[in-house]
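Chemist: A predicted structure for the sequence below; I have some questions about it.
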Amino acid sequence: MKQGITFTLLLLVLFAGCRSNQETTRQDEVPAIQISTSQTVRPVLIGKEANPVLRIAVDVRSEGQVEQFEISTGGTTDLDDIDEIALFYTGEDSVFNTKNSLDVAGSPKKNIALRAEQQLPRGVHYFWVSYKVNPEADLLHRVDAGLDRALLAGGQTVNPVSRSGEGALRLGFALRQRGQNGVHTYRIPGLVTTNSGTLIAAYDIRYDNSSDLQGDIDVGISRSFDKGQTWQPMQIIMDRGEWGGRPEEENGVGDPSILVDRETGTIWVAGLWTHGMPGQRAWDASGPGLSPEATGQFLLVKSEDDGETWSEPINITRQIKKPEWQLLLQGPGRGITMSDGTLVFPAQFRDADGMPYSTIIYSKDHGKTWNIGTGAKSNTTEAQVAELSDGSLMLNMRDNRGGSRSVYTTEDLGRTWTRHPTSRSALKEPVCMASLIHFPHLEGVTGKHCLLFSNPDSREARKNMTIKMSRDDGMSWPENRQVLLNGNRGFGYSCLTAVDEQTVGILYEGVRELYFQKVRISELSDG
């Protein structure tokens, strides 16, 4: 797993006018430039005009001028995947931005020169190589960039001692970008593969800001008919409008969880609807009771035509919520169909005292009626559920204590729960939502279910989005069966799906936007 690559080059360059009249000069007085390059593991995204793939830091000890950089694309799977190569300059700012574009080159070759022509005063200066990706590029391909040499004023040429490794950066798809369709933020990913092979991504459409409910929020979906290479225009499937004499910003619905009934093909999406509560966070403002005026509502919509059309909302709050609870909602992400046909959504509730618990809701009649389990563990919230090889259910929970995930199992649909041996130890987290799925296409290899898990692999921050595999029903998560997708910070939520027998797909949050990537299952299973 590639964390980053750094090359350092020390240039002893004498500039005109910088040398003293002394006959001899000590070595530590000679002006110098130090150049280093680095790559951060991040997706290179179809749909983005600029994707930083290489940072060049130029440390000038006196004064000098860089004329151009000669860039190598070696390690790129297919040069046709790159539509455009650009060079940006951010001065002393080490964070990428596109304010100062220096040069753009199309028709990429194995080696290409990018003009810099920058006079540099003393200090560290940052240049960036950026790629724009061909929309038809295969999402399983990779692209790479390295610095061959820099050309300085006066014609001096400097050769680096090494180049970046092959296949540094994976491609991805910018499914929803901040500001797209006039929307401030897209959050809370859900992702499934339907019985016909269609990918359906569900998410929050947060029109005005990135805050949670209450607010002007709808649930949207995007569909892909070609395994994530292209996506259809956004559809809005849950929108309460100006219900009950309240404006849209007081009828938000969000935090979707999506489920495919494997026996009937029906697709279900659960969402939390909050009515009223102006200027308040719904998590705190929702109270005891069952009516929309009193408490958040648990809504479902369904599609029986592979996501093309959707039903009106079905309110199941009175079926599953205890009146004394302050709030009941789904666990965002996805639900499952068990091997016996039972539909299961992860869920969470705040009891009469406001303490949150993770649980499940389930239906044994294909969604006609729903029941709810008991709380698995106190102070846990957003959970995901998977069926194990013995038919029991594993609930993998966000634990607000921080540091690691809580994991419990049930053999009776949530009436009772048992702490799993890996709980609070095997899977670290910075307090965040995560994804857990059973990957069905490796059955018979070990006699145990293959599980896949994704989250920000850190205890300190929502960074290092990683997919992990367990070949023993979640008893272990070996380091050699993990793939780092994005080392940057983001909002941190993710959702996995089996795209086909060879590939897993993931939809996850950047900052106010959603990215889709694919990984060959062999990269995880053969480690």
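Modeler: Sure, I can see it. Numbering: from 1, shown residues only.
Chemist: number of nearby residues for T416?
Modeler: Using other Cβ atoms under 10 Å, the number of residues around T416 comes to 13. C-beta: built from backbone N, CA, C; applies to glycine.
Chemist: got a list of what it touches?
Modeler: T374, T410 (Cβ atoms under 8 Å, 6 or more residues apart in numbering).
Chemist: Quick check: it vs D261, distance?
Modeler: When distance is defined by Cβ to Cβ, to the nearest Å, T416 is 26 Å away from D261.
Chemist: For stretch 229-236, measure first residue to last.
Modeler: With Cα to Cα, to the nearest Å as the measure, stretch 229-236 spans 21 Å from end to end.
Chemist: Could you do stretch 227-239 as well?
Modeler: 27 Å.
Chemist: Just the residues contacting it, thanks.
Modeler: With contact meaning Cβ under 8 Å, 6+ apart, stretch 227-239 is reached by 135-136, 138-139, 173, 175-176, 181, 197, 199, 201-202, 205, 218-225, 253, 256, 269, 271, 273, 299, 301, 303, 307, 310, 313, 499-500, 503, 505, 516, 518.
Chemist: can you give me the end-to-end distance of stretch 35-54?
Modeler: OK, stretch 35-54 end separation, Cα to Cα: 13 Å.
Chemist: How far does that stretch sit from its chain's centre?
Modeler: 16 Å (Cα atoms, centre = their mean, to the nearest Å).
Chemist: mean confidence score for it?
Modeler: Across stretch 35-54, pLDDT averages out at 95.
Chemist: In contact with N371, which residues?
Modeler: If you count contacts by Cβ under 8 Å, 6+ apart, N371 has them with Q319, I320, I361, Y362, S363, L413.
Chemist: so how far is D412 from it?
Modeler: For N371, the distance to D412 - Cβ to Cβ - is 12 Å.
Chemist: S406 now?
Modeler: Counting by Cβ to Cβ - S406 and D412 are separated by 19 Å.
Chemist: and if you look at D255?
Modeler: Plainly put, D255 is 27 Å away from D412 if you go by Cβ to Cβ.
Chemist: The two: who's more crowded?
Modeler: For D255 versus D412, neighbours defined as other Cβ under 10 Å are more numerous around D255 (28 against 11).
Chemist: Break the chain into its domains for me.
Modeler: According to automatic domain parsing, the chain comprises the domains 4-171, 177-334.
Chemist: Grab the nearest non-local neighbour of W325.
Modeler: Leaving aside its sequence neighbours, W325 sits nearest to F349 (Cβ to Cβ, 6 or more residues apart in numbering; 5.1 Å).
Chemist: Check the secondary structure at that neighbour for me.
Modeler: Secondary structure for F349, judged by DSSP: H, G, I helix; E, B strand; the rest coil, is strand.
Chemist: Buried ones in whichever helix or strand P346 is part of, by neighbour count?
Modeler: Element membership for P346 (DSSP states H and E) is strand 343-350. The neighbour-count check on strand 343-350 (16 or more other Cβ atoms under 10 Å) flags L343, V344, F345, P346, A347, Q348, F349, R350 as buried.
Chemist: Hmm, the second one is touching I361, no?
Modeler: Yes: under the contact definition of Cβ atoms under 8 Å, V344 touches I361, with a separation of 7.4 Å.
Chemist: sorry, back to before: now render the contacts of N371 as TSV, adding secondary structure and distance to E84.
Modeler: TSV is the format used below for these (DSSP: H, G, I helix; E, B strand; the rest coil; distance: Cβ to Cβ, whole Å):
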residue	secondary structure	distance to E84
Q319	helix	54
I320	helix	52
I361	strand	48
Y362	strand	50
S363	strand	50
L413	coil	54
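Chemist: Show me which of these are buried.
Modeler: Applying 16+ other Cβ under 10 Å to the contacts of N371, the neighbour count classes I320, I361, Y362, S363, L413 as buried.
Chemist: could I get those residues as JSON lines with distance to P478 and pLDDT?
Modeler: Below are the buried ones among the contacts of N371 laid out as JSON lines (distance: Cβ to Cβ, whole Å; pLDDT from 0 to 100):
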{"residue": "I320", "distance to P478": "38", "pLDDT": "98"}
{"residue": "I361", "distance to P478": "33", "pLDDT": "99"}
{"residue": "Y362", "distance to P478": "32", "pLDDT": "99"}
{"residue": "S363", "distance to P478": "35", "pLDDT": "99"}
{"residue": "L413", "distance to P478": "31", "pLDDT": "98"}
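Chemist: Between those, which sits nearest M433?
Modeler: I361 (17.5 Å; Cβ to Cβ).
Chemist: Tell me which residues touch that closest one, please.
Modeler: Each residue near I361 by Cβ under 8 Å, 6+ apart is listed here: I320, Q330, V344, F345, A347, W370, N371, I372, G373.
Chemist: Can you name the residues bridging to K518?
Modeler: Counting by DSSP bridges, K518 is bridged to G505.
Chemist: For the stretch 51-200 of the chain, which segments are assigned as strands?
Modeler: With DSSP state E, counting those that start in this stretch as the criterion, the stretch 51-200 of the chain has strands at 51-60, 64-72, 82-91, 101-106, 111-120, 123-133, 142-143, 146-152, 157-158, 169-176, 185-193, 199-206.
Chemist: Over to G254: give its phi and psi.
Modeler: phi -170, psi -160 (degrees, to the nearest 10).
Chemist: Would you mind listing where this protein has pLDDT under the threshold?
Modeler: 1-32, 160-167, 443-447, 526-527 (pLDDT under 70).
Chemist: Just want the most central residue of it.
Modeler: Closest to where the C-alpha atoms of the chain average out (Cα atoms, centre = their mean) is Y508, at 2.2 Å.
Chemist: circling back to that earlier point, make JSON lines out of the buried residues of strand 343-350 and add distance to S425.
Modeler: Output for the buried residues of strand 343-350, formatted as JSON lines (distance: Cβ to Cβ, whole Å):
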{"residue": "L343", "distance to S425": "31"}
{"residue": "V344", "distance to S425": "25"}
{"residue": "F345", "distance to S425": "27"}
{"residue": "P346", "distance to S425": "21"}
{"residue": "A347", "distance to S425": "25"}
{"residue": "Q348", "distance to S425": "22"}
{"residue": "F349", "distance to S425": "26"}
{"residue": "R350", "distance to S425": "26"}
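Chemist: Return the member of the residues you listed nearest to M465.
Modeler: Among the buried residues of strand 343-350, P346 lies closest to M465 (Cβ to Cβ), at 20.1 Å.
Chemist: Contact partners for that closest one?
Modeler: P346 neighbours (Cβ under 8 Å, 6+ apart): 257, 330-331, 333, 335, 358-360, 382-385, 395.
Chemist: at 7 Å instead, please
Modeler: Residues in contact with P346 (Cβ atoms under 7 Å, 6 or more residues apart in numbering) are S257, Q330, G331, G335, S358, I360, A383, Q384, V385, L395.
Chemist: Show me how far the helix or strand harbouring the last one is from its chain's centre.
Modeler: In other words, L395. If you go by DSSP H and E, L395 is part of strand 393-399. With Cα atoms, centre = their mean as the basis, strand 393-399 stands 19 Å off its chain's centre.
Chemist: Output the contacting helices and strands for the helix or strand just after it.
Modeler: Where DSSP H and E defines the elements, the next helix or strand beyond strand 393-399 is strand 403-404. Judged by 3 or more Cβ pairs under 7 Å, 6 or more residues apart in numbering; DSSP states H and E, strand 403-404 is in contact with strand 428-429.
Chemist: Mind giving me the packing neighbours of the next helix-or-strand element following the strand it packs on?
Modeler: Next helix or strand after strand 428-429 toward the C-terminus (DSSP H and E): strand 435-438. For strand 435-438, the elements it packs on are strand 380-387, strand 451-456, strand 494-498, judged by 3+ Cβ pairs under 7 Å, 6+ apart.
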